[in-house]
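Participant: Need the 3D shape of this:
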Amino acid sequence: MQRLVATAVALVALVAGLVIYNSLPQAQPQALVYEPARQLQPFTLQGSDGSQVTNERLQGQWTLLFTGYTFCPDICPTTMADLRQIMPSLQQHTDTPVKVWMISVDPQRDDVERIAAYTEFFGPEFFGVRAEHPQLYPFVNNLGLMYSIPDEGATDYLVNHSAAIILVNPAGHLQAIFKAEHTMGEIPTVNMQQLAADFAIIADN
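Facilitator: As a prediction, the model looks like this:
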């Protein structure tokens with residue numbers, strides 16, 4: 001009899017614990033998350049491996065995309081280095097490969113060979129893509145990002161571009177946007193610890 005009572009008490013405690021747990025507010029990502037994820041418009045770009053890159057290349061992997069260029073003096077190398085540092089943390093939350101795409105917004109100077117050398121330095125998970133402006137601008141705009149086009153004939157210039165990072169899910173759809181933090185006197189960058197925490201929530205759902 002005592003064993004039955006003890007078992008009943010344990011079951012009641014377990015059910016009560018589950019009810020309390022389910023009633024607690026669950027962690028919410030700080031990123032802008034699209035539910036449902038947004039389908040991307042068809043695109044054709046050039047990959048740093050020399051291949052033609054279309055929407056299908058995004059499928060079967062989580063992909064972090066951001067705009068940049070190899071002559072970028074601050075945001076781009078900082079973002080690439082920070083992403084390389086947190087890559088193991090991201091990968092431990094999913095069995096699906098996690099990749100990084102750097103979208104060059106400087107097609108005049110960034111040819112395939114230059115992008116390949118730049119991205120390969122950061123590791124095998126990093127991949128570069130490029131295109132001429134007629135193909136590039138609609139792709140970047142569809143991601144919710146932007147960049148400036150230098151004056152015709154300019155050779156020594158900076159390219160203004162978004163510092164946000166886009167997350168594309170394994171179906172190849174836009175899942176979230178990690179916005180950059182803007183602090184006076186500092187370059188705008190994404191908080192990588194927050195990105196990793198948000199990714200863990202998104203990937204586990």
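Participant: Find the nearest non-adjacent residue to Q85, please.
Facilitator: M192 (7.1 Å; C-beta to C-beta, 6 or more residues apart in numbering). Glycine gets a C-beta too; all of them are placed from N, C-alpha and C.
Participant: quick one: contacts for the one you found?
Facilitator: Taking C-beta atoms under 8 Å, 6 or more residues apart in numbering, we find M192 in contact with D82, L83, Q85, I86.
Participant: I am assuming I115 contacts F71, so please confirm or correct that.
Facilitator: No. Using C-beta atoms under 8 Å, I115 makes no contact with F71, being 11.4 Å away.
Participant: Compare the two (neighbour count), which wins?
Facilitator: I115 (26 against 16; other C-beta atoms under 10 Å).
Participant: any idea what the more buried one is structurally, helix, strand or coil?
Facilitator: helix (DSSP: H, G, I helix; E, B strand; the rest coil).
Participant: I'd like the distance from it to C76, if you could.
Facilitator: 11 Å (C-beta to C-beta, to the nearest Å).
Participant: what residues are up against the closest residue to G60 other than its chain neighbours?
Facilitator: Closest residue to G60 apart from its sequence neighbours, by C-beta to C-beta, 6+ apart: P170 at 5.7 Å. Residues in contact with P170 (C-beta under 8 Å, 6+ apart) are Q59, G60, Q61, W62, T96.
Participant: Of the residues you listed, keep whichever come out buried.
Facilitator: Neighbour counting with 16 or more other C-beta atoms under 10 Å marks Q61, W62 as buried within the contacts of P170.
Participant: Nearest to I202, out of the contacts of P170: which one, please.
Facilitator: W62 (8.8 Å; C-beta to C-beta).
Participant: if I pick the residue nearest to the closest one when sequence neighbours are not counted, what's in contact with it?
Facilitator: Sequence neighbours aside, V98 is the residue nearest to W62 in space, at 4.7 Å (criterion: C-beta to C-beta, 6+ apart). By C-beta under 8 Å, 6+ apart, the contact set of V98 is Q61, W62, T63, L64, M87, L90, Q91, E125.
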